[in-house]
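In: Sequence first, then the predicted structure:
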Amino acid sequence: MAERAGDGTGSPDATPLYAYSTTFLTDRTIRRILTLAGYRMRLGWPRGQGAMVAAWGRSPTSQRAEKIAQRSGAGLLRIEDAFLRSIHPAREGHEPPLGLLIDPHGVHFDSARPSLIEHIIRTNAMDDTAILDRARDGIARLKALHLSKYNAFDPRIRAPDPGYVLVIDQVRDDASIRHGGASASTFREMLVFAQEENPGARIIIKPHPETVAGRRMGHYNMGHAKGRISLLTDPVSPWELLDGAVAVYTVSSHMGFEAILAGHKPRVFGQPFYAGWGLTQDENPVARREKRLTRAQLFAAAMILAPTWYDPCRDRLCSFEEAVDQLEASVRAWREDHGGHVALGMRLWKRPHLQRFFGRHRPLRFESDPGRAVARARREGRGVMVWASREPESLTALARGLNVTRVEDGFIRSRGLGAELVPPMSLVVDRWGIYYDPLRMSELERLIAKGPPPGGEARAERLVGRLIRFGLSKYSPESGALPDLPHGRRILVPGQVEDDASIRLGAGDVRRNIDLLAQVRAENPDAVILYKPHPDVEAGLRIGHVAEEDALRHADVILRDVSPAAAIEAADEIWTMTSTLGFEALLRGKRVVCLGAPFYAGWGLTRDLFPAPARRKARPSLAALAHAVLIAYPRYLDPVSGLPCPPEVVVDRLVQRQIPVPGAANRTLSRVQGLLASQAWLWR
């Protein structure tokens, strides 16, 4: 079963697996998954006790594998893609699979004999509460994130008006049809049934993605689209489409499985793995399937217990949930970037990193002039991407009708300062505003108000736990030891870059570090005040320096060369204008007082001395806030594999110090910046 671990070393006790298909010889990811799962790929005639022969499902080459296994006495292992695969179908996108069904019993779409999924269902009581809870969360999460086996669709495209009957097409001559007790005539029969059983209802035929892409023929075409029947080729989310259906008809499509998860009892004309368990109306039932399952039990068998899932960033086997984390990151990158961007206001040193983040599916094009950027975006059918703090006031009017995306550093950025030109591992993207501007709605606010998907709070708690355990923060700098501190109620005051956009847009009357220190002392005369200068300011790269004698008129200790995490742990509470350090303090259970309106203020988790926007009415838990800020809002890029990744991967890289460093040119430019700290516009 899945949920296995492997070290990938090809240990001597690995099962020899002989392959005779180019799939196993040319696809490195498939070979790697099999190696991690405990198999050692071999060529030649099967030899030795326990040898196995690999067959790719019921493909044409599988017959050769079957004959060799029979003649040699070796076991036969059938292998297929798991049910969350990639963005595009294999024939279209050349993307490796995210997991495999490694099946010693049969293959899931061949009803002639039980498959691994059926074996699990028949031999497992399917009553493990923890697994069933994971299954329920998994179903809800796939629906909330609009994730499917293939994912080249746009959830923002609306489905037809609700109330239709959905008929699901498949590609001609697919093995799941031939080995599932059906044929081309079954599709003609199914369409007749759909019309007769739903008199007067609209009928929508959903083609397979490969048919829409023109790669393989389906069973229906535009000739069937007449009267109340229509053919839907728009890239609509399957979950969106299922939500509006009053009935679902399928032969053996994977979307029939998703229909069950969406709450339907689909009419099934073939014999797919999900039929026969009491969750479908079966035209051609499988007699041996007598057990009755809940949706969660079927999902647990097919998605959690049977597959072998793979983490391509960390190169290891993983759980279903970790596979979803990775797919979520990959699919988000495609959905946001496949149309392309014209990037505006991006300094030269940032451009290679931005290209890696956002140019994976269509290369970025860079422009410095807003008018040229907008004209090019319109001409090439792209959106406009702008560094948020450099957005010209004219852009909104110029780019009317275009998607405008604002970009800024994320909240788990790097091990080193942005002003030192250390490449980021996370960036936030926002089509509404930007998180540090409380004057307008941002995507982050929308995510906080919406709340996390099922399982999101628990995931955020695990992520925050690792950040705290390893002392990680936005920049995670190397630091010296914390000095001996006076006893008493300690208040940490983080300094900020005084010309930073978060101060310009989100601060109240207090806008300078010296004024912040003075107010904190005035309101807390008996407290021990710890002042921590901003690292960019302390490095001489940005504006906001407070002379030591001035700072010590209000503060008891100046914390230099001390990590933010250590400073927070030493304090009882934090007073800040808009510093991100206030959010990090919240995560560590500290009381936070805000004199401005940072993104984390106004949600009931802070003491706000400056009025937060009235629209912030939601009252999220701390874990829900953390999910929005650290998981849902930013995008992450793995510096090792170069792939879009979940935040957990970036945390691993920071812990293991597998991180990008600035090149020689960046280091030289950084030193020049130190001489021109008052001219930050030159490099930001």
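Out: In hand now; what should we look at? Numbering: from 1, shown residues only.

In: the strands in the stretch 251-400 of the chain, which residues?
Out: Per DSSP state E, counting those that start in this stretch, the stretch 251-400 of the chain carries strands over the ranges 267-268, 281-282, 308-311, 316-318, 341-344, 365-367, 383-387.

In: For Arg216, which of the ones you listed is the nearest?
Out: strand 267-268 (21.8 Å; CB to CB). The C-beta positions use only the backbone N, C-alpha and C, and glycine is treated the same way.

In: quick one: strands adjacent to the closest one?
Out: strand 245-250 (parallel), strand 281-282 (parallel) (DSSP bridges).

In: pLDDT (mean, whole number) over that strand?
Out: If you average the pLDDT over strand 267-268, you get 98.

In: try stretch 490-508
Out: On average, stretch 490-508 scores 95.

In: With stretch 426-443 instead?
Out: 97.

In: Touching it from outside, list them.
Out: Contacts of stretch 426-443 with the rest of the structure, by CB atoms under 8 Å, 6 or more residues apart in numbering, involve 336, 354, 357, 385, 388, 403-413, 444-446, 501-502, 505-506, 578, 597-599, 612-613, 615, 633-637, 647, 650.

In: So among those residues, which ones count as buried?
Out: 336, 354, 357, 385, 388, 404-413, 444-446, 501-502, 505-506, 578, 597-599, 612, 633-637, 647, 650 (16 or more other CB atoms under 10 Å).

In: Which ones among those residues map onto helices?
Out: Of the buried ones among the contacts of stretch 426-443, the ones assigned to helices by DSSP state H are 336, 354, 357, 444-446, 501-502, 505-506, 647, 650.

In: that older thread, make a markdown table from the strands of the stretch 251-400 of the chain and add distance to Gly256 to it.
Out: As requested, the strands of the stretch 251-400 of the chain are exported to a markdown table (distance: least, CB to CB, whole Å):
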| stretch | distance to Gly256 |
| --- | --- |
| strand 267-268 | 6 |
| strand 281-282 | 11 |
| strand 308-311 | 22 |
| strand 316-318 | 27 |
| strand 341-344 | 37 |
| strand 365-367 | 42 |
| strand 383-387 | 35 |
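
In: So for Ala571, which of the ones you listed sits nearest?
Out: strand 383-387 (32.6 Å).

In: And the closest one, what does it pack against?
Out: strand 341-344, helix 370-380, strand 404-409 (3 or more CB pairs under 8 Å, 6 or more residues apart in numbering; DSSP states H and E).

In: Just the CA atoms of it, as PDB, please.
Out: Output in PDB follows, covering the C-alpha atoms of strand 383-387 (Å, rounded to 0.1, in the frame of the first residue of the first chain):
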ATOM      1  CA  GLY A 383      -1.700  40.500 -17.900                       C
ATOM      2  CA  VAL A 384       0.400  43.200 -16.300                       C
ATOM      3  CA  MET A 385       2.600  42.300 -13.300                       C
ATOM      4  CA  VAL A 386       4.100  45.200 -11.200                       C
ATOM      5  CA  TRP A 387       6.300  45.400  -8.100                       C
END
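
In: distance between the ends of stretch 483-491?
Out: The stretch stretch 483-491 measures 15 Å between its terminal residues, going by CA to CA, to the nearest Å.

In: Just checking the distance from it to the centre of its chain.
Out: 41 Å (CA atoms, centre = their mean, to the nearest Å).

In: Isn't Asp337 up against Arg360?
Out: Yes - counting by CB atoms under 8 Å, Asp337 touches Arg360, with 6.4 Å between them.

In: Most tightly packed of the helices and strands packed on strand 383-387?
Out: strand 341-344 (a mean of 26; mean count of other CB atoms under 10 Å).

In: Parallel or antiparallel, list what pairs with that strand.
Out: According to DSSP bridges, strand 341-344 has these partners: strand 365-367 (parallel), strand 383-387 (parallel).

In: Can you name the residues in contact with that strand?
Out: Residues contacting strand 341-344 (CB under 8 Å, 6+ apart): 351, 354, 358, 362, 364-368, 370, 373-374, 376-377, 380, 382-387, 390, 395, 405.

In: quick one: average pLDDT of that strand?
Out: Rounded mean pLDDT across strand 341-344 is 97.

In: chain center to that strand: distance?
Out: Its chain's C-alpha centre and that of strand 341-344 lie 23 Å apart, by CA atoms, centre = their mean.

In: which residues of the stretch 51-200 of the chain score low on pLDDT?
Out: With pLDDT under 70 as the threshold, the stretch 51-200 of the chain has low-confidence stretches at 93.

In: Show me where it has its strands.
Out: 52-56, 75-81, 99-103, 164-168.

In: which helices and strands does the third one pack with?
Out: Judged by 3+ CB pairs under 8 Å, 6+ apart, strand 99-103 is in contact with helix 28-36, strand 75-81, helix 116-123, strand 308-311.

In: Can I get the second one in CSV, CA atoms only?
Out: These are the backbone C-alpha positions of strand 75-81, laid out as CSV (Å, rounded to 0.1, in the frame of the first residue of the first chain):
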residue,chain,number,x,y,z
GLY,A,75,5.1,-12.1,-10.7
LEU,A,76,3.2,-9.5,-12.6
LEU,A,77,3.0,-5.9,-11.4
ARG,A,78,0.6,-3.6,-13.2
ILE,A,79,1.3,0.1,-12.9
GLU,A,80,-0.9,3.1,-13.7
ASP,A,81,-1.1,6.8,-12.8
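
In: Much appreciated, bye for now.
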